[in-house]
Structures are given as structure tokens and as C-alpha cells.
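J.: Build me a structure from this.
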Amino acid sequence: MTATSWVVSANGHPDFPLHNLPFGVFRRAGSNEVPRVGVAIGAHILDVAACLAAGLFDDAPDVAQRAARACASPSLNALMAHGADARVGLRLALLALLAEHTPVHHQQTAHHALVAQDAAELFLPVQVGDYTDFYASVHHATNVGALFRPDNPLLPNYKWVPIGYHGRASSVVVSGTPVRRPCGQRKGPNDAIPVVGPSRSLDYELELGAFVGAGNAIGETIPLGQAEGHLWGLCLLNDWSARDVQAWEYQPLGPFLAKNFATTISPWVITLEALAPFRAPLAARAEGDPPPLPYLHDPGDAARGGFALTVEVWLRTRRMREAGDAPVRISRGSALDLYWSFAQMLTHHASSGCNLRPGDLLGSGTISGPNADSRGCLLELTRRGAEPLTLPNGETRGFLEDGDEVTLTACAERPGVGRIGFGRCTGEVVAAGT
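T.: Purely as a prediction, here's the structure:
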């Protein structure tokens, strides 16, 4: 059975019950407060540093108190640098503080450290030093490859190596930040020369992001059996993509301006401990697929390296908002459809001796499944715009238009454990600048 909290809004909350407790960065809306780390609990945010100052962690182990002190920072980086033991210790202290049977005088003191989420301003939870986006869904890679190479969708390396590219950390933004339509070079098949202008094929990508906690020194590697000790938690990630710019520029070196203008992440980071009940074996490889090379294989990762998460995309156009219509779900998939685990991605990333640091962000790549309604981007859903979606109000979309609002969600649910969610990862497309 799931535990209950004296914070009444947490009991039965679809995303943030007591057994979730994700971390983020906030301040009271309209205030000049310095942003600091908080924990989502029901419809509220618990100010961790305020609880520490009030003596609510005086009986907690030293490791938990050190972690709580790091929560006075305006990002999660300092907390992440303390590693997994600190995260676990602080989580246990928070569970004890927020549980239903906590002593009343502790409840009364902690009540003053609660801020309603609808009265708070949320910030980018992590100062991202480096961002690497992978291509870990074989269904996505196959669908996209078939659009361009019908006879040979997957390149020869795909099933041997986790493919990725280095993204742009400076343009990672928090949910709710408007996304300006990018400009760039594009060249259609019938154009004599390329032209420069706003992208006409703007797309979203439904992804998960994983944050690095403890890093490694340059020149050192991270064995797969130790990789989870270097992963801190997950978030939602939308890797906005200008497909027409991408088609013209991506050869020979891969994505550049088509993806460097914005990457949106959700404001809450879900810890590995909250996700522990929802771990699952990695997806079975198809008959004839090569086994992972030894450095990318570990029995523990094969047995529980997957996350049983349902991931969804919701779209609300400007006309829908003006009419008061609710967003419509246009895609629903599963994170279990990833071909490579986050641990494999991290181990491969460090296998060259690349030094990963606290707060580095790893994107999963677009999460797509085997069915048409589980495709994680419009490029796949509409076959490069050739088969537009028809929305309930009669509007159609091949790619995104100005005023479109895209929202990503994710949740996990299991009998006897209950449900946790990730909150929302939202961005509205605004017109290109002049």
C-alpha cells in the first residue's frame, strides 16, 4: 500500500504523492527571493533549506544534513555533486518529515515551509554544463530512416553503438518558456540554391532526460555495472527540431542549427529511488540482432535497466485556446521501447575517457513505439508532412504552426505502489524574430 502524508493534497495526487518527492528550483511568484531547491509534494512545494533552518533535520544523519544544506543553492548542481548517498539520505529524511504520523509539532513547523505550486515560479532545475542527445529508440530510427532510405532504414552502426550528438546546453530552457521559430538555411529538392528564413517544418521530439550526479575524471571510464551510481534522476525533454534546416545541414557532421535554438525540460527531477518500483528489463532484441559488446552488457542492467513509463504528447493550437478547448493527445508511447538504457548511454559516453560532471544532461532521443499512435514526433506521425494530422476541431497539422502549444507528460503506475508523474513539459511556438 502507498503511504499517506499529512499534506492532504499529496494523497491521491496524480503526479506528486509522498512516494515521488521530485526536486526542483523555485521561489514565490512575484517576489525577489533567491531561487532555492524545493520538493514537490501534492499541490505544494516544500522549501528544504527552510526546514533545515527550522531544525527539522537535526535528528537526521550527517549525510542528509549536508544534502539539505546544498538545497539553499539556486540549482540542483551542488546537491547532485554530493552523489547518491546524499540523495538517498535526504529523501529518507523528507519521507519521515512528510509522512502522516510525523509528530504534530514537526508538521506545524514544516507547514510554514510549504508554498502552493500555483503561487510559485519554477526555474531551470539544473545549470546544464553539457548536453548530449542520443538516438536510443530503434522504432524512431527505423521510421525516420525509412523516410529517407526506404531500402536501408538503419545505418550499420545503429545496433552496435549508442548514437548521440553534442547538443547546445545554453539553450536548454524550463517548461513554460516560449519557443521562437528558428531561422536557417533550407533547400527543397526543386530549389536551385538554398534560401534563408523561418523554418517551415518545426517539430517536437518526445524524450526523457537523465542527469548525471557524481562524475568521473578526464581519462577515466565508468563501467556499466557502476553507471547507475552516476545517474541522479530523470526529467521530460522536448528536443525541438527544424526539420527543413536539418535535412539541408546534417550531412556530413550531424545536427547543428536545426536543434540548437531550444530544448525544453520539465522543472521537476524524478529520483532513481522514486522510480525504483517501476524498473523493468530492457526490451528484448530482435532475432538476429547482435548482442551488446562486453562493455555495454551487464546482467543487472539487462534485468532492470528499463523504466516502465508511459509518455504522451498533447497539442493545443491557438484556435483551441481561444475556443476554450482542452489539449488533445496525439501520441502515447512507452519508455520500454528504448533500444539502449541510460546506463549504457552513460557508459558509452565515458568510454573514451570523456569526463562527465554533476548536472550534465543526457537525452534519450525521440521515444517511439511500433504503432502509429506511439510515434514521438510529427516527422514520423505525418510522414514528413505528407499525411497531416486532423484535430478534433478540423484543423490539420503536418508540422507545428505559430501559437501551437506542445505538452509532454509521463507517468508510472503499479498495483500496490500507486502512481507517480513527471509534471508537465510545455512550450508554445511564437513567430520568428525579424
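J.: Of all the residues in stretch 66-76, which ones are buried?
T.: 66-73, 75-76 (16 or more other C-beta atoms under 10 Å). (Each C-beta comes from the backbone N, C-alpha and C, glycine too.)
J.: Most widely separated two among those?
T.: Within those, 66 and 75 form the most distant pair, 16.7 Å apart (C-beta to C-beta).
J.: now what about whichever helix in the chain runs longest, what contacts it?
T.: Longest helix of the chain, by residue count under DSSP state H: helix 84-98. The set of residues external to helix 84-98 that reach it, using C-beta atoms under 8 Å, 6 or more residues apart in numbering, is 3, 5-7, 10, 18, 21, 39, 41, 46, 48, 51, 56-57, 60-61, 63-64, 66-68, 70-71, 79-80, 102, 106, 110, 213-214, 229, 232-233, 271-274.
J.: Quick one: mean pLDDT for the next helix or strand after that helix?
T.: Using DSSP states H and E, the next helix or strand after helix 84-98 towards the C-terminus is helix 104-111. Average pLDDT, helix 104-111: 97.
J.: Give the buried residues for the next helix or strand after helix 104-111.
T.: Next helix or strand after helix 104-111 toward the C-terminus (DSSP H and E): strand 114-116. Going by neighbour count (16+ other C-beta under 10 Å), the buried part of strand 114-116 is 114-115.
J.: May I have the strands that pair with strand 114-116, each with its orientation?
T.: Using DSSP bridges, the strands paired with strand 114-116 are strand 44-47 (antiparallel).
J.: send the alpha carbons of the helix or strand just after the partner strand over as CSV?
T.: Next in sequence after strand 44-47, counting helices and strands by DSSP H and E, comes helix 48-53. Once non-C-alpha atoms are left out, helix 48-53 reads as follows in CSV (Å, rounded to 0.1, in the frame of the first residue of the first chain):
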residue,chain,number,x,y,z
VAL,A,48,14.2,22.2,2.0
ALA,A,49,16.5,24.9,3.3
ALA,A,50,13.8,26.5,5.4
CYS,A,51,13.2,23.1,7.0
LEU,A,52,16.9,22.8,7.8
ALA,A,53,16.9,26.3,9.3
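J.: Would you mind listing the buried residues in helix 48-53?
T.: 48-52.
J.: Now do the helix or strand following it and helix 84-98, the angle between them.
T.: Counting by DSSP H and E, the next helix or strand C-terminal to helix 48-53 is helix 62-70. For helix 62-70 against helix 84-98, the angle by axes from the mean of the first three to the mean of the last three C-alpha atoms, to 10 degrees is 80 degrees.
J.: How far off centre is helix 62-70?
T.: Computed by C-alpha atoms, centre = their mean, to the nearest Å, the chain-centroid distance of helix 62-70 equals 26 Å.
J.: And for it, what's in contact with it?
T.: Contact with helix 62-70 is made by 37, 48-49, 51-52, 57, 60, 78-79, 81-82, 85-87, 89-90, 92-93, as judged by C-beta under 8 Å, 6+ apart.
J.: quick one: average confidence on it?
T.: On average, helix 62-70 scores 97.
J.: Save the buried residues of helix 48-53 as a markdown table, and put in pLDDT too.
T.: Shown next, in a markdown table, are those (pLDDT from 0 to 100):
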| residue | pLDDT |
| --- | --- |
| 48 | 98 |
| 49 | 97 |
| 50 | 98 |
| 51 | 98 |
| 52 | 98 |
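J.: okay, these in a markdown table with distance to residue 429 next?
T.: As requested, the buried residues of helix 48-53 are exported to a markdown table (distance: C-beta to C-beta, whole Å):
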| residue | distance to residue 429 |
| --- | --- |
| 48 | 35 |
| 49 | 36 |
| 50 | 37 |
| 51 | 39 |
| 52 | 41 |
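J.: between these, which is nearest residue 339?
T.: residue 48 (36.8 Å).
J.: give me the number of residues near the residue nearest to residue 50 when sequence neighbours are not counted?
T.: Closest residue to residue 50 apart from its sequence neighbours, by C-beta to C-beta, 6 or more residues apart in numbering: residue 113 at 4.0 Å. Neighbour count of residue 113, defined by other C-beta atoms under 10 Å: 20.
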